[in-house]
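S.K.: dropping the sequence and predicted coords here.
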Amino acid sequence: MSAKVFSALWSEIEAIGRVSSGGYMRYALEQPELVLRDWFRNQAHRRDMPVTDDGNGNLFAWWGDQWGRDAVLTGSHFDSVPHGGGYDGPLGIVSAFLAIDQLRAAGYTPAKPIAVVAFVEEEGGRFGLPCLGSRLLTGAIEPARAAALTDRDGVTFGEALGATPAGPLPGLTSRIGALVELHIEQGRQLEAPVGVASAIWPHGRWRFDFTGHGDHAGTTRMADRRDPMLTFAYTVLAANKEARLAGAHATMARVEVEPNATNAIPSLVRGWLDARAADTPTMDAVVDAVVKRATERAGRDGTEVVVTAESISEEVTFDTALAGRLSAMLGDAPILPTSAGHDAGVLSAKVPTAMLFVRNPTGISHSPAEFAEPGDCASGVDALATVLRELT
């Protein structure tokens, strides 16, 4: 695959959802992402690949029998985090279509069905729960609960989808033989153009609701204040310290404030903790320590804190034999872990899954600075085509 061929297809979606920050606003089932879903259908139509929807918002473009036995899935997602990069997700879908082009041009006919998949709401940027589409497909979440999830405007996932989600695919383990997700690397570990994933760190999101007493910023004495912003600020620093001590990752980057006025002491501060670690006990210990320190600080500040676990993903070890097989067929490609979550991690609980990483020279992700060289992306397409051929 030439870099020129990759860039030609990539250019078709590169501007969709881009905003003035240089990043992307591609929330699930909102206009830019809906445009990308139409692009997906058009690409499938160009290749005579029928498209099916599993009733959960996940799209599948088929080469071979639709949901035939031992199908091999490949693809990723279109949605982004707010002001995120353009490669996280879409690279896997563009590469999947190009890999199929390459196999067809070589005269190859797969003995098993291949499907390019576009999972819905992988980032959780709109409805708050990451990997929602793959969780529904595998039965990791009840359809009624998923349908009731709301975005910041009060729109439910069911309303955005236009129906209650269908839930798990009947006979999933016999219908899906493997999933291979290609993704831009979200770090600086990879020195070769392409690598293979070994594991995903356990990770989760916790909502902290800090409540106090709203009052006038000018007339309320400092000694009389019950300011939840102080408790929140302390908790942000505590999360940073606990993560560093444990060799883990902790981030509090999303916050909502009421009444959010310059001259008013807040009555409520709501913040979200994203915590990750190399193993579950370490992650749990970090979260427990942060909750303890937040609670103790609330007692001193005269405030209260309630913590709600919104999503927790256990440690994922990808199919070891499959990862080793992929590495060998790609000339001993490096095998490396990742601390980022993916749909492949969710499906790994049910079927053999693997991931290919394309080198990211900046190491930056979830940011407009996210980038991969066209030549490396083309190498990713070559690698994916090789893997799909061997698996089918």
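M.R.: Received it, and whenever you're ready, just let me know what you need. Numbers count the residues shown, from 1 in each chain.

S.K.: only C-alpha atoms from now on, for both contacts and neighbour counts.
M.R.: Will do.

S.K.: and the strand or helix carrying residue 174, which residues are buried?
M.R.: Residue 174 is part of helix 172-175 when elements are defined by DSSP states H and E. Neighbour counts over helix 172-175 (16 or more other Cα atoms under 10 Å) mark 172-173, 175 as buried.

S.K.: give the other helices and strands that the helix or strand following that helix contacts.
M.R.: As assigned by DSSP H and E, the chain's next helix or strand after helix 172-175 is strand 176-184. With contacts taken as 3 or more Cα pairs under 8 Å, 6 or more residues apart in numbering; DSSP states H and E, strand 176-184 sits against strand 71-77, helix 90-105, helix 343-347, strand 353-358.

S.K.: contacting residues around the third one?
M.R.: Residues external to helix 343-347 that are found in contact with it (Cα atoms under 8 Å, 6 or more residues apart in numbering): 76, 119, 122, 131, 134-135, 138, 179-181, 200, 316, 318, 353-355.

S.K.: pull the CA atoms of stretch 101-119 into CSV?
M.R.: The C-alpha coordinates for stretch 101-119 follow below in CSV (Å, rounded to 0.1, in the frame of the first residue of the first chain):
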residue,chain,number,x,y,z
ASP,A,101,-9.1,-3.5,-1.4
GLN,A,102,-5.6,-4.8,-1.2
LEU,A,103,-6.7,-8.4,-0.7
ARG,A,104,-9.2,-8.2,-3.6
ALA,A,105,-6.6,-6.7,-5.9
ALA,A,106,-4.4,-9.7,-5.1
GLY,A,107,-7.2,-12.0,-6.2
TYR,A,108,-7.8,-13.4,-2.7
THR,A,109,-11.2,-14.8,-1.6
PRO,A,110,-11.6,-15.4,2.1
ALA,A,111,-12.9,-18.7,3.3
LYS,A,112,-14.5,-17.0,6.3
PRO,A,113,-16.6,-13.8,6.3
ILE,A,114,-14.8,-10.5,6.9
ALA,A,115,-16.7,-7.5,8.4
VAL,A,116,-15.6,-3.9,8.7
VAL,A,117,-17.2,-2.7,11.9
ALA,A,118,-17.9,0.9,13.2
PHE,A,119,-18.7,0.7,16.9
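
S.K.: have a look at this structure and report its longest helix.
M.R.: helix 280-301 (DSSP state H).

S.K.: how is this structure carved up into domains?
M.R.: Domain assignment of the chain by automatic domain parsing yields the ranges 3-201+315-391, 203-313.

S.K.: tell me how far the ends of the longest one are from each other?
M.R.: Which is domain 3-201+315-391. Counting by Cα to Cα, to the nearest Å, you get 25 Å between the two ends of domain 3-201+315-391.

S.K.: quick one: the helices in the stretch 201-350 of the chain, in order.
M.R.: 228-246, 280-301, 320-329, 343-347 (DSSP state H, counting those that start in this stretch).

S.K.: okay, these in JSON lines with distance to residue 156 next?
M.R.: Formatted as JSON lines, the helices of the stretch 201-350 of the chain follow (distance: least, Cα to Cα, whole Å):
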{"stretch": "helix 228-246", "distance to residue 156": "28"}
{"stretch": "helix 280-301", "distance to residue 156": "29"}
{"stretch": "helix 320-329", "distance to residue 156": "38"}
{"stretch": "helix 343-347", "distance to residue 156": "21"}
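
S.K.: can you say which of those helices is nearest to residue 271?
M.R.: Residue 271 sits nearest to helix 228-246 of all the helices of the stretch 201-350 of the chain, at 7.4 Å, using Cα to Cα.

S.K.: for the closest one, name the packing helices and strands.
M.R.: Using 3+ Cα pairs under 8 Å, 6+ apart, helix 228-246 is in contact with strand 203-211, strand 249-258, strand 268-276, helix 280-301.

S.K.: let's have the buried residues of helix 172-175 in a markdown table, adding distance to residue 85 and pLDDT.
M.R.: Listed next are the buried residues of helix 172-175 as a markdown table, based on distance: Cα to Cα, whole Å; pLDDT from 0 to 100:
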| residue | distance to residue 85 | pLDDT |
| --- | --- | --- |
| 172 | 32 | 93 |
| 173 | 33 | 92 |
| 175 | 33 | 95 |
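
S.K.: and the closest residue to residue 334 other than its chain neighbours, what's its pLDDT?
M.R.: Computed as Cα to Cα, 6 or more residues apart in numbering, the closest residue to residue 334 that is not its neighbour in sequence is residue 195, at 5.0 Å. At residue 195, the pLDDT value in this model is 96.
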